[in-house]
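Chemist: Okay, here's the prediction I keep looking at, along with the sequence it came from:
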Amino acid sequence: MGMSAIPGDFDDLDISNDTKMILNELVKRKKKYDQVKAQYAAVVICGIVVGVFVLSWLFRLKSATIQNALSVLSMSMSAVYIAMLAGLFLSARNLAAQYKKRKKKYEDLREETIDLLNADWKLNLKTNKRDKISERLSEKGINIRYKS
């Protein structure tokens, strides 16, 4: 198995296959993390929009008396609004859990990568490779120069 056995962004660098695999996995986890982050933001925005819409609908009905208040809750539109809000809440909760999980996995591997690259690189000609790796990952929004 040669150096080109692992396809990815680091094939042209003279580094071990293990290092390439870790770097490619780091990029993959960052993409998954960013994807869940974007989905979570979209669900939260939809929830806010639907919430504002429901509140404005209820505000228009505020003149209802106490007896009419129960009839408002029994209206089919209120059931639809409640179902929409419940669905958005459950989706947001699920995505928040996924977001935390993916962020932790990404951060753990990022720190492991930093440790690996710091342990293997002495002040010599090989520091060039580490700098190139850092630059490529930086282009993808991944920081491996420091942990925090």
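Modeler: Good, I have the coordinates.

Chemist: Please name the residues that touch Tyr106.
Modeler: 26, 29-30, 32-33 (C-beta atoms under 8 Å, 6 or more residues apart in numbering). Any C-beta I mention is one placed from the backbone N, CA and C, and that applies to glycine too.

Chemist: Just the buried residues of stretch 104-117, please?
Modeler: 106, 109-110, 113-114, 117 (16 or more other C-beta atoms under 10 Å).

Chemist: Determine the three-state secondary structure at Asp9.
Modeler: coil (DSSP: H, G, I helix; E, B strand; the rest coil).

Chemist: for the one 10 residues further on, same thing?
Modeler: Reduced to three states with three-state DSSP, the structure at Thr19 is helix.

Chemist: Name the next helix or strand following the lowest-mean-pLDDT helix or strand in the chain along the chain.
Modeler: In the chain, no helix or strand scores lower on mean pLDDT, DSSP states H and E than helix 66-74, which sits at a mean of 61. Downstream of helix 66-74, the next assigned helix or strand under DSSP states H and E is helix 76-120.

Chemist: Quick check: what element follows that next one along the chain?
Modeler: Following helix 76-120 in sequence, per DSSP H and E, is helix 127-139.

Chemist: can you list the weak-confidence ranges in the protein?
Modeler: 1-8, 61-75, 119-127, 145-148 (pLDDT under 70).

Chemist: The residue lying closest to Lys140 once chain neighbours are set aside is in what secondary structure piece?
Modeler: In this structure, Lys140 finds its nearest non-sequential neighbour in Val27, 5.7 Å apart by C-beta to C-beta, 6 or more residues apart in numbering. Val27 is part of helix 17-60, with elements assigned from DSSP H and E.

Chemist: Kindly calculate the angle that that helix makes with helix 76-120.
Modeler: Put simply, helix 17-60 runs at 160 degrees to helix 76-120, going by axes from the mean of the first three to the mean of the last three C-alpha atoms, to 10 degrees.

Chemist: heads up, I number from 25, so please use that
Modeler: Sure, I'll start counting at 25 from here, so that last one is helix 41-84.

Chemist: how far is helix 41-84 from where the chain is centred?
Modeler: 6 Å (C-alpha atoms, centre = their mean, to the nearest Å).

Chemist: now for that helix, which elements pack on it?
Modeler: Under the contact definition 3 or more C-beta pairs under 8 Å, 6 or more residues apart in numbering; DSSP states H and E, helix 41-84 sits against helix 100-144, helix 151-163.

Chemist: Fine by me, thanks again.
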